[in-house]
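*Asks:* My questions are about this predicted structure, shown below with the sequence.
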Amino acid sequence: SQKIEQNSEALNIQEGKTATLTCNYTNYSPAYLQWYRQDPGRGPVFLLLIRENEKEKRKERLKVTFDTTLKQSLFHITASQPADSATYLCALEDGNKLVFGAGTILRVKS
Amino acid sequence: DGGITQSPKYLFRKEGQNVTLSCEQNLNHDAMYWYRQDPGQGLRLIYYSQIVNDFQKGDIAEGYSVSREKKESFPLTVTSAQKNPTAFYLCASRPVGRNYGYTFGSGTRLTVV
């Protein structure tokens, strides 16, 4: 069956460190993958899109990698800040729509 | 400012009642989507529309209905046939084409009382 897996446990890190979140998928062949940030009680906010022929994408303190052989994407936040605390969702293209993972909660402590 | 407006923010439904959630966008986006979010679960697709007067079922369409009479509007009706409607409902839009992120509304929290 098709599945998207993100770390179910919250990730707790110290301010200034790099946070790394994982997204694994099975039985999909996405042409692209997206990452979103969601704060409690709010809608997700689009962060980055990476295509299958791109190995890495950067935006300010954010970096995403996409390995179609491993069927995995890694999402990095460098020099993390308490304001980065949120739930981060990965999403795969499936036809004309996106399929979302359950998300990983990130907590950055000062 | 362009964006997506969902209303109401909170909605309470009695057993056996139909309720309609509003979603309006002024981004000139062609495609619109409705997702449902339950605690600890990913967003699940209810319905989507790529063009006016056309829409497709998502993974969990049973007990829901939609219409797309205008490009800007994509209302969702939660019918009495939906047995477990308590959830956070999110509307999203994007331009047609696969290389764009979604723009989401701020959501409607529906509770059955």
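*Replies:* Looks like it came in fine. Everything numeric here is computed off the predicted structure, so don't read it as measured data. Numbering: from 1, shown residues only, chains lettered A, B, ... in the order given.
*Asks:* In contact with the most centrally placed residue in chain B, which residues are there?
*Replies:* Central residue of chain B (Cα atoms, centre = their mean): residue B:34, 3.0 Å from the mean position. When contacts are counted by Cβ atoms under 8 Å, 6 or more residues apart in numbering or on different chains, residue B:34 touches B:23, B:45-48, B:58, B:64, B:66, B:74, B:76, B:89-92. The way it works is simple: take the backbone N, C-alpha and C, and place the C-beta from them, glycine included.
*Asks:* show me what contacts residue 15?
*Replies:* No chain in the question, so chain A it is. Counted by Cβ under 8 Å, 6+ apart, residue A:15 has contacts A:80-82, A:108-110.
*Asks:* That was the other one, I meant chain B.
*Replies:* Residues near residue B:15 by Cβ under 8 Å, 6+ apart: B:80, B:112.
*Asks:* so who does the nearest residue to the residue nearest to the centre of chain B once chain neighbours are set aside touch?
*Replies:* Using Cβ to Cβ, 6 or more residues apart in numbering or on different chains and skipping the chain neighbours, the partner closest in space to residue B:34 is residue B:46 (4.3 Å). Residue B:46 is in contact with B:34-36, B:58-61, B:64, B:66, B:76, B:89, counting by Cβ under 8 Å, 6+ apart.
*Asks:* what about 7 Å?
*Replies:* By Cβ atoms under 7 Å, 6 or more residues apart in numbering or on different chains, the residues touching residue B:46 are B:34-36, B:58, B:60-61, B:64, B:76.
*Asks:* would you turn those into TSV with pLDDT and secondary structure?
*Replies:* As requested, the contacts of residue B:46 are exported to TSV (pLDDT from 0 to 100; DSSP: H, G, I helix; E, B strand; the rest coil):
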residue	pLDDT	secondary structure
B:34	98	strand
B:35	98	strand
B:36	98	strand
B:58	96	coil
B:60	96	coil
B:61	97	coil
B:64	97	strand
B:76	98	strand
